[in-house]
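Q: missing the sequence, but the structure's below:
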Ligand code: ZN
């Protein structure tokens with residue numbers, strides 16, 4: 001992908017970061033500065049976003065290393081401001097393999113969340129959830145919540161989320177692959193329509209954004225096969 005530079009490699013897989021990622025870091029630094037006005041807050045904000053993206057890299061490694069077990073190599077992992085992408089050389093042949101590869105990513109975030117919960121439990125570090133804000137409150141508890149969010153978000157049964165691949169794999173166990181993709185894409189577009197409707201009537205720009213994202217993902221996947 002153009003405009004991306006190598007960060008290094010993990011388990012023989014190149015990890016790249018896209019240039020637009022710098023915009024995200026600048027945006028985070030500026031919002032922490034505006035909200036709290038101290039260098040310490042800005043450093044903590046940047047540390048948080050980097051910790052979050054470390055979790056995203058582990059999630060993508062979950063996909064990549066599971067795919068490797070089925071003989072599918074990963075070209076690279078690219079970090080974009082909206083998340084990470086593990087670019088597999090191909091889609092695993094058996095639907096059950098695609099299912100494992102898709103589930104492995106969110107499973108990594110479940111493990112991270114469990115480790116963080118154990119840590120907060122051991123250190124007595126829990127805070128009341130209403131005291132947490134997007135920029136303030138317990139670092140590890142916010143990281144835990146973000147991991148839970150990543151699991152739920154990725155399990156939405158629509159492309160390009162992992163849930164879309166899980167759905168296709170389940171359908172492909174019962175029907176032909178192309179047909180399974182079409183059905184999964186249609187379900188994704190129906191969901192996108194629902195999100196869009198809820199987002200517009202409830203004036204929730206985040207839902208409208210997801211709707212757009214899912215709609216594009218569904219049509220791309222449908223034309224790919
Ligand atoms: Zn994933």
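A: Arrived safely, thanks for sending. Small disclaimer: the values here were computed from a predicted structure and weren't measured.
Q: same for the helix ranked longest in the chain, what does it pack against?
A: Looking across the chain with DSSP state H, the single longest helix is helix 39-69. Packing partners of helix 39-69 (3 or more Cβ pairs under 8 Å, 6 or more residues apart in numbering; DSSP states H and E): strand 13-18, helix 21-36, strand 74-80, strand 83-88, helix 95-122, helix 139-154. For every residue, glycine as well, the C-beta is placed using N, CA and C.
Q: can the host helix or strand of residue 220 be found next to the ion?
A: Using DSSP states H and E, residue 220 maps to helix 205-224. No: Helix 205-224 does not reach the ion (Cβ under 5 Å from the ion); its nearest approach is 12.4 Å.
Q: pLDDT (mean, whole number) over that helix?
A: Mean per-residue pLDDT for helix 205-224: 80.
Q: what's the answer for stretch 125-145, then?
A: Across stretch 125-145, the per-residue pLDDT values average to 82.
Q: May I have the residues that are in contact with residue 129?
A: residue 145 (Cβ atoms under 8 Å, 6 or more residues apart in numbering).
Q: Give me every residue in the protein that's in contact range of the ion.
A: 105, 162.
Q: make it 6 Å
A: By the rule Cβ under 6 Å from the ion, the part of the chain lying against the ion is 59, 63, 105, 154, 162.
Q: can you redo those residues as CSV with neighbour count?
A: Formatted as CSV, those follow (neighbours: other Cβ atoms under 10 Å):
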residue, neighbour count
59, 27
63, 27
105, 26
154, 21
162, 25
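Q: These: which two are farthest apart?
A: 63 and 154 (10.4 Å; Cβ to Cβ).
Q: Between the two, which contacts overlap?
A: The contact lists of residue 63 and residue 154 share 105, 162, where a contact means Cβ under 8 Å, 6+ apart.
Q: Just list the residues touching whichever residue of the chain sits closest to the ion, thanks.
A: At 3.1 Å from the ion, residue 105 is the closest residue in the chain, using Cβ to the ion. Going by Cβ under 8 Å, 6+ apart, residue 105 touches 59-60, 62-63, 86, 154, 162.
Q: buried ones in the lowest-mean-pLDDT helix or strand in the chain?
A: When each helix and strand of the chain is scored by mean pLDDT, DSSP states H and E, helix 205-224 comes last, with a mean of 80. Neighbour-count burial for helix 205-224, counted by 16 or more other Cβ atoms under 10 Å, picks out 207-208, 210-211, 213-215, 217-218, 221-222.
Q: now stretch 176-183
A: In stretch 176-183, the ones that count as buried by 16+ other Cβ under 10 Å are 177, 180-183.
Q: got it, and stretch 52-62?
A: Buried positions in stretch 52-62, judged by neighbour count with 16+ other Cβ under 10 Å: 52-53, 55-62.
Q: pLDDT of it, averaged?
A: 94.
Q: where's residue 82 relative to residue 56, distance?
A: 10 Å (Cβ to Cβ, to the nearest Å).
Q: Any stretches of this structure with poor pLDDT?
A: 1, 134-135, 224-225 (pLDDT under 70).
Q: and the longest helix of the chain with strand 13-18, angle?
A: Between the axes of helix 39-69 and strand 13-18, defined by axes from the mean of the first three to the mean of the last three Cα atoms, to 10 degrees, the angle is 140 degrees.
Q: chain center to helix 39-69: distance?
A: 10 Å (Cα atoms, centre = their mean, to the nearest Å).
Q: Sounds good, over and out.
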